[in-house]
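Participant: Let's see this in three dimensions:
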Amino acid sequence: MHFPLLQDIVVLLVFSVAVVLLLQRLRLPSVLGFLLTGIIIGPFGLSFIENPQQIEILSEIGVILLMFVIGMELSIKQLASMKKTVFLGGFMQVGLSIVVTAIIFYVFGFPWNEAVFIGFLFSLSSTAIVLKILYDRNELTAPQGRMALGILIFQDLIVVPMMLVTPIMAGNSANVFNEVLFLILKSALVLVLTYIGAKYIVPRVMYLIAKTKSKELFLLATITLCFTVALLTASAGLSLAFGAFLAGLIISESDFSHQATSTILPFRELFISFFFISIGMLLDLDFFLKNTWVIIFMVLIVFILKGGLVSLTALALNYPMRTVLLTGMALFQVGEFAFILSRIGIENGLLSPQMNQYFLSVSVFTMLLTPFVFMLSGRTTNYILRKVAPGSADLRTDRDVKLAYGQDGPQDHLLIIGYGINGANLAKAAKYADIPYMILELNPQIVREQKARGEPIIYGDAVQEHMLESLNVKKARVVVIAISDPRATKTIVSNIRHISPSVHIVVRTRYVKEIEMLLALGADEVIPEEFETSIEIFSRVLTNFLVPIDELENLIDSVRADNYQVFQSHKRLQTFNSSTIPDFKISCVRVMAETGPVVGKTIEEVDVRKNYGVNVLAVSRKGEMIKTVFPSVKLLRNDLVFVSGDQEHIDSFYKAVT
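Facilitator: Below you'll find the predicted structure:
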């Protein structure tokens with residue numbers, strides 16, 4: 001028997017495993033491996049795949065699951081918390097990209113609708129590649145990570161309206177006004193049904209399913225919801241991807257979104273790999289080789305133009321120059337949703353086969369370049385800031401510092417770089433202890449809010465030495481760096497140590513592996529989050545195993561001093577297991593008897609420990625707790641007595657007081 005689809009899947013998986021494994025050794029994203037796999041085994045490569053159309057069907061499932069997970073992860077509350085970056089920043093970036101691209105192609109003789117549609121394609125960046133690289137580099141919470149995430153969220157949202165208006169732009173309608181009106185009505189109806197489903201139907205259904213505690217049923221229900229909503233929206237003339245996104249949004253408003261996401265993720269990763277492989281298969285290598293220089297020139301134009309427009313957007317939102325440049329270099333590529341959109345453009349005649357090949361070649365090439373651009377982005381940005389924009393710090397800084405501290409600036413103060421959770425808590429502690437402090441923060445919104453509350457906070461980028469000098473870091477006693485950007489942290493430590501060899505530098509970082517480098521650069525103390533979290537965990541665990549407190553404290557001190565090297569020694573702590581410890585319990589017993597051997601007598605007179613085998617820990621009387629129980633304390637009627645002992649002796653005491 002011959003199974004062509006199974007044979008194609010086996011070839012696809014074998015090659016993807018080999019290529020991705022090789023790229024992982026080179027520390028490159030797996031998405032690149034999938035793209036290269038598609039190029040190698042596709043019809044324009046070694047032609048190992050007999051029927052690419054069947055792989056494309058599997059890739060469609062990947063797109064549906066991708067949109068479904070995005071919908072689950074992008075709840076309405078999350079969108080609201082990032083509304084300025086998402087909606088204002090995203091709208092500016094997408095709008096500028098469409099307008100500029102459309103003007104360029106219109107000047108070169110393309111009809112206006114085709115020029116605008118090409119603008120749609122080049123306005124979108126790769127969510128999968130960018131977020132994966134940012135996550136691997138621990139930069140998702142860095143300023144450039146937050147900015148990139150906000151723009152990508154808007155792009156993921158705007159791609160759906162782009163899909164809806166593409167047929168109208170192509171003129172496949174006798175009455176455009178009616179089509180637009182009908183589209184708005186359909187979208188409104190779908191949104192109303194989404195709200196009803198999210199608010200009233202799905203949470204109840206998912207609750208009933210979750211009560212069964214059946215993982216299989218929960219998985220089946222989740223996938224059923226995804227594909228059902230996608231099919232309904234497609235039947236209504238919208239898109240499968242839009243329906244999948246709405247289905248995810250419905251679940252995101254319930255209490256089961258996290259479990260649903262974890263259930264779907266393995267399937268999404270598998271099918272989305274088919275999607276990227278299918279994209280690689282579309283690249284015509286012969287066309288690429290014949291037009292190599294033209295494609296490289298177009299890639300260069302896309303890099304400069306799109307990267308510049310993204311940077312302009314970040315600049316308009318008052319981000320510092322370093323974040324502006326890094327965000328532009330992060331989002332220069334053309335993304336995966338543009339491939340979905342291009343298919344709709346081809347179906348509606350807005351994209352010719354030749355233009356589609358140029359688009360595919362440029363898109364895949366920019367995706368392949370993205371990891372290498374990320375690798376060089378830090379050094380490139382620092383070079384540009386040194387050569388092109390030295391001292392580009394906010395000019396208000398010097399004036400603000402002088403107004404607050406006089407001409408000489410602050411002296412013997414604490415400088416806090418970054419006003420996140422750690423920075424905010426440190427500022428509260430400094431205020432409580434009456435320690436003079438200053439805060440340097442990159443987020444202009446936080447600066448505005450905290451300034452209104454009277455905090456001594458300055459807007460600026462600590463990467464620039466001029467900014468540090470204006471805050472009189474040379475005369476500071478302690479500098480605490482509490483930001484989420486590991487690369488910026490290293491630069492800041494070096495800059496501070498260059499300005500002042502004596503100031504005490506404390507650095508907050510995420511991982512233990514970053515300690516050695518930061519200490520080598522000049523930090524005095526490095527406090528990694530995972531380090532302190534693990535200390536808290538093992539200290540609580542060892543406490544439950546009744547390790548003596550002095551030994552536990554010595555262990556913690558050794559761990560902090562040696563960065564876990566203490567665990568390589570052969571010394572062992574003294575522990576006790578449950579079999580060696582008596583089965584003590586703590587119980588609360590109410591004294592209900594009016595008379596008897598216990599009521600109205602002191603603990604010393606009763607000799608509770610000798611006669612009943614229990615210890616009296618505390619006594620609650622008329623709502624007041626007697627925490628220190630002396631032998632002279634009397635046990636009165638209606639007292640609540642907290643005693644410890646084994647169950648047999650507690651029962652004996654209970655009978656004596658009831």
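
Participant: CA only for contacts and neighbour counts going forward, please
Facilitator: Fine.

Participant: Spatially, which residue comes closest to Leu219, not counting chain neighbours?
Facilitator: Among residues not flanking Leu219 along the chain, Thr263 sits closest, at 6.4 Å (Cα to Cα, 6 or more residues apart in numbering).

Participant: Of all residues in this structure, which one is nearest the centre?
Facilitator: Leu140 (5.6 Å; Cα atoms, centre = their mean).

Participant: can you count the residues close to the closest residue to it other than its chain neighbours?
Facilitator: Counting by Cα to Cα, 6+ apart, Leu140 lies nearest to Leu134, which is 5.3 Å off, once chain neighbours are set aside. By the criterion of other Cα atoms under 10 Å, Leu134 has 20 neighbours.

Participant: can you tell me how far Leu134 sits from Pro371?
Facilitator: Remark: distance between Leu134 and Pro371 (Cα to Cα, to the nearest Å) = 10 Å.

Participant: same question, Leu326
Facilitator: For Leu326, the distance to Pro371 - Cα to Cα - is 13 Å.

Participant: Look at those two and report which has more neighbours.
Facilitator: Leu326 (25 against 19).

Participant: So, low pLDDT: which residues of the stretch 201-350 of the chain?
Facilitator: Applying pLDDT under 70 to the stretch 201-350 of the chain picks out residues 236-239, 253, 255, 257-258, 261, 265, 268.

Participant: Hmm, I typed the wrong one, I wanted the stretch 1-150 of the chain.
Facilitator: For the stretch 1-150 of the chain (pLDDT under 70), the answer is 1-3, 50-56, 58-59, 70, 73-81, 138, 141.

Participant: Then the stretch 401-550 of the chain?
Facilitator: The low-confidence ranges in the stretch 401-550 of the chain, as defined by pLDDT under 70, are 401-409, 530-531, 533-534, 543-550.

Participant: all helices in the stretch 151-300 of the chain, in order from the N-terminus.
Facilitator: Assigned by DSSP state H, counting those that start in this stretch, the helices in the stretch 151-300 of the chain fall at 176-196, 202-211, 215-235, 240-252, 257-282, 285-290, 292-316.

Participant: so the residue nearest to Leu219 sits right up against Leu220, yeah?
Facilitator: No: using Cα atoms under 8 Å, Thr263 makes no contact with Leu220, being 9.9 Å away.

Participant: Tell me which of the two has more neighbours.
Facilitator: For the pair Thr263 and Leu220, the greater number of neighbours falls to Thr263 (18 against 13), based on other Cα under 10 Å.

Participant: burial count for Val614?
Facilitator: 25.

Participant: quick one, phi psi at it?
Facilitator: The phi and psi torsions at Val614 (degrees, to the nearest 10) take the values phi -130, psi 160.

Participant: and it, what does it touch?
Facilitator: 608, 643-646, 649-650, 653 (Cα atoms under 8 Å, 6 or more residues apart in numbering).

Participant: Buried residues, whichever strand or helix holds Met355. List them.
Facilitator: Met355 is part of helix 353-387, with elements assigned from DSSP states H and E. For helix 353-387, a neighbour-count test (16 or more other Cα atoms under 10 Å) marks 356-368, 370-371, 373-374, 377-378, 380-382, 385 as buried.

Participant: re earlier: need the winner for burial among the helices of the stretch 151-300 of the chain.
Facilitator: Comparing the helices of the stretch 151-300 of the chain by mean neighbour count (mean count of other Cα atoms under 10 Å), helix 240-252 ranks first with a mean of 28.

Participant: so what does that one touch, helix or strand wise?
Facilitator: helix 52-73, helix 176-196, helix 202-211, helix 215-235 (3 or more Cα pairs under 8 Å, 6 or more residues apart in numbering; DSSP states H and E).

Participant: by how many degrees do the last one and helix 202-211 diverge?
Facilitator: To tie it back to what came earlier, the one meant is helix 215-235. Using axes from the mean of the first three to the mean of the last three Cα atoms, to 10 degrees, the inter-axis angle of helix 215-235 relative to helix 202-211 is 150 degrees.

Participant: Contacts for helix 215-235 next, please.
Facilitator: 64-65, 68, 190, 206, 209-210, 239-244, 246-248, 260, 263-264.

Participant: Between the helices and strands packed on helix 240-252, which one is closest to Asp412.
Facilitator: Asp412 lies closest to helix 52-73 among these, at 45.6 Å (Cα to Cα).

Participant: which residues of the stretch 401-550 of the chain fall in strands?
Facilitator: Using DSSP state E, counting those that start in this stretch, the strands assigned to the stretch 401-550 of the chain run over residues 414-417, 437-441, 457-459, 478-481, 504-509, 525-528.

Participant: ok, the closest residue to Pro410 other than its chain neighbours to Ile304 distance?
Facilitator: Sequence neighbours aside, Asn472 is the residue nearest to Pro410 in space, at 6.4 Å (criterion: Cα to Cα, 6+ apart). Distance, Asn472 to Ile304, by Cα to Cα: 37 Å.

Participant: Could you do Leu519 as well?
Facilitator: Counting by Cα to Cα, the separation of Leu519 from Ile304 is 37 Å.

Participant: re earlier: so what secondary structure elements neighbour the helix or strand where the residue nearest to Leu140 lies?
Facilitator: Following DSSP H and E, the helix or strand that holds Leu134 is helix 127-136. Counting by 3+ Cα pairs under 8 Å, 6+ apart, the packing neighbours recorded for helix 127-136 are helix 143-169, helix 353-387.

Participant: mind listing what's buried in the first one?
Facilitator: Read it as helix 143-169. For helix 143-169, by 16+ other Cα under 10 Å, it's 143-160, 162-164, 166-169.

Participant: same question, stretch 446-462
Facilitator: Using 16+ other Cα under 10 Å as the test for burial, stretch 446-462 gives 447, 450, 455-462.

Participant: ok, back up a step: now the angle from the helix holding Met355 to helix 127-136?
Facilitator: Going by the same axes, to 10 degrees, helix 353-387 makes 30 degrees with helix 127-136.

Participant: And the average pLDDT for helix 353-387 is what?
Facilitator: Throughout helix 353-387, pLDDT has a mean value of 84.

Participant: Does anything pack onto that helix? Which helices or strands?
Facilitator: helix 30-41, helix 127-136, helix 292-316, helix 321-330, helix 336-347.

Participant: Distance from the chain centre to that helix, please.
Facilitator: The chain centre lies 23 Å from the centre of helix 353-387; the measure is Cα atoms, centre = their mean, to the nearest Å.

Participant: Ok, stretch 264-273 next?
Facilitator: Distance of stretch 264-273 from the chain centroid (Cα atoms, centre = their mean) equals 19 Å.

Participant: what's the answer for stretch 94-106, then?
Facilitator: Going by Cα atoms, centre = their mean, the spacing between the C-alpha centre of stretch 94-106 and its chain's C-alpha centre is 31 Å.
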